[in-house]
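[1] Only the shape, not the letters, is given here:
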């Protein structure tokens, strides 16, 4: 790392420690947030669990049409005549009652980067355009038979276009947006550390009820009782049932000093239909009344599925997410990465700014997602584990504060 980048890192760390009045949290050095935050999709399963990432339509790294019909079919749910919930005009904000949301980003930001962390992890893309910078997907070391191969040479991904900031690069494939033999150990180590860190936090609130038919808001700053920068909400349904968000809009408010962590406990799954989860206007996720979030303000994490269960731990249909991470960390529940874990995250019709992690990510109908994690320019090149830079990144709380405007672009090496 050259001198200019050292100065950039020092300035970011100094500035981010006081962002929103919060102090940067000291996390384990192995919690390399740069490794996690640079990807929109992280698929951790092996070839025996099905595809690690399966996207049937429409675009990753972009969200160019808001609550439209079709692709995805969301207008009738969220912006129908007489029951408008979200504005589909240039505002792209929540429109019901006195609740206010930050706008949803609309456009192309080239944040559609993907990771396959198992050497036999599969990728299927169909009728999908991937907008990403210098690569679209990184396959794990040892995949395929060539010197720069992925499983099956990603033949199933041939029906997908890669568009970089320089323009169309043609069909996604080996040497065209695909990086083979990538060392994902820093990433899987970071996810192992993240799972342990999240599991070790003390709950500050417990929810035992579904959210259905209406809207609500939550002040996450007020929920952070110990003022450590995390509002930890455990979701534990009576009898081990699933947690449902049905025809409900949840707005998360905060000034940017707090990250909300919703832990879906035990074998409870999160089911979401005709609903939205979005950030408010007070600074959470670096958003505001006229500014779309550029960072995650909340994580929904499932990490305790009993061994051997193959549930859809997240199952969403007709959803808007804005500044929200959906993390299935069951592959890391034993303190190490296990690519044979077979849990699933499914979305049918969804859009917004988010991040998704699961053994198997399945977008079975149209989606438009851009990343609210860190951009590649924030963290590339990713520091090696144990380096001074990796330890510096470990001081930051879940990557949220790394997305501050002053740190959005680092100098070129």
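    Cool, the structure landed. Because the structure is predicted, anything quoted here is derived from the model rather than measured.
[2] in terms of contact, does residue 177 touch residue 128 like I think?
    No. If you go by CB atoms under 8 Å, residue 177 and residue 128 don't touch, sitting 11.9 Å apart. Any C-beta I mention is one placed from the backbone N, CA and C, and that applies to glycine too.
[3] Neighbour count for these two, which is higher?
    residue 177 (27 against 21; other CB atoms under 10 Å).
[4] beta partners of that one?
    Legend: beta-bridge partners of residue 177 under DSSP bridges are residue 173.
[5] would you list every one of the strands in the stretch 51-200 of the chain?
    Ranges of strands within the stretch 51-200 of the chain are 51-55, 58-60, 62-63, 79-80, 83-84, 107-108, 114-116, 122-131, 137-140, 159-164, 167-171, 173-174, 177-182, based on DSSP state E, counting those that start in this stretch.
[6] Just the residues contacting the fifth one, thanks.
    Translated: strand 83-84. 78, 95-96 (CB atoms under 8 Å, 6 or more residues apart in numbering).
[7] Quick one: mean pLDDT for that strand?
    Taken as a whole, strand 83-84 has a mean pLDDT of 86.
[8] Can we start the residue count at 25 from this point?
    Yes, from this point I'll number from 25; that puts the last item at strand 107-108.
[9] Note down every partner strand of it and its orientation.
    The strands that strand 107-108 pairs with in its sheet are strand 103-104 (antiparallel) (by DSSP bridges).
[10] Not counting sequence-adjacent ones, nearest residue to residue 333?
    residue 291 (6.2 Å; CB to CB, 6 or more residues apart in numbering).
[11] wait, residue 239
    Closest residue to residue 239 apart from its sequence neighbours, by CB to CB, 6+ apart: residue 273 at 4.3 Å.
[12] Flag the shaky bits of the stretch 325-437 of the chain, pLDDT-wise.
    397-437 (pLDDT under 70).
[13] same thing with the chain?
    For the chain, the stretches with pLDDT under 70 are 25-57, 169-172, 179-182, 397-437.
[14] residue closest to the middle of it?
    Centroid-nearest residue in the chain, with CA atoms, centre = their mean: residue 379, separated by 1.1 Å.
[15] Quick check: which element contains that residue?
    Following DSSP states H and E, one finds residue 379 within strand 368-382.
[16] quick one: buried residues of stretch 160-176?
    Residues 160-164, 167-168, 173-175 are the ones in stretch 160-176 that count as buried (16 or more other CB atoms under 10 Å).
[17] Phi, psi for the spatially closest residue to residue 115 that is not a sequence neighbour please.
    By the measure of CB to CB, 6+ apart, the closest residue to residue 115 outside its immediate chain neighbours is residue 127, 6.2 Å from it. Note on residue 127: backbone dihedrals following degrees, to the nearest 10 are phi -70, psi 160.
[18] What about residue 127, how many residues nearby?
    By other CB under 10 Å, the residues close to residue 127 number 23.
[19] wait, isn't it in contact with residue 315?
    Yes. With contacts counted by CB under 8 Å, residue 127 reaches residue 315, the gap being 7.3 Å.
[20] Could you measure from residue 296 over to residue 266?
    Per CB to CB, to the nearest Å, residue 296 is found 10 Å from residue 266.
[21] out of those two, which sits in the more crowded spot?
    residue 296 (25 against 17).
[22] Sticking with the more buried one, tell me its helix or strand.
    Residue 296 is part of strand 294-303 when elements are defined by DSSP H and E.
[23] Next, the angle from that strand to strand 368-382.
    Angle between the axes of strand 294-303 and strand 368-382 is 40 degrees (criterion: axes from the mean of the first three to the mean of the last three CA atoms, to 10 degrees).
[24] mind listing what the residue nearest to residue 239 touches?
    Counting by CB under 8 Å, 6+ apart, residue 273 makes contact with 109, 118, 120, 123, 238-240, 299-302.
[25] Could you rerun that using 7 Å?
    By CB atoms under 7 Å, 6 or more residues apart in numbering, residue 273 lies in contact with 109, 118, 120, 239, 299-300.
[26] cool, residue 370 as well?
    Residue 370 is in contact with 336, 338-340, 386, 388, counting by CB under 7 Å, 6+ apart.
[27] now with 10 Å?
    With contact taken as CB atoms under 10 Å, 6 or more residues apart in numbering, residue 370 is in contact with 78, 336-341, 382, 384-388.
[28] which of these lies closest to residue 191?
    Closest approach between the contacts of residue 370 and residue 191, by CB to CB: residue 387, at 24.8 Å.
[29] Leaving aside the residues adjacent along the chain, what's closest to residue 225?
    Leaving aside its chain neighbours, residue 225 sits nearest to residue 256 (4.8 Å; criterion: CB to CB, 6+ apart).
[30] list the contacts for the one you found?
    So residue 256 contacts 222, 225-230, 244, 247-250, 283-287 (CB under 10 Å, 6+ apart).
[31] Could you turn the buried ones of the residues you listed into a PyMOL selection?
    PyMOL command restricting the contacts of residue 256 to the buried ones, with burial defined by 16+ other CB under 10 Å:
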select buried, resi 222+228+244+247+248+283+284+285+286+287
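[32] what separates residue 312 from residue 340, distance-wise?
    26 Å.
[33] Which of the two has more residues huddled nearby?
    Taking neighbours as other CB under 10 Å, residue 312 and residue 340 compare with residue 340 leading, 23 against 17.
[34] what sits against that one?
    The neighbours of residue 340, taking CB under 10 Å, 6+ apart as the test, are 269, 294-297, 299, 301, 350, 369-374, 387, 391.
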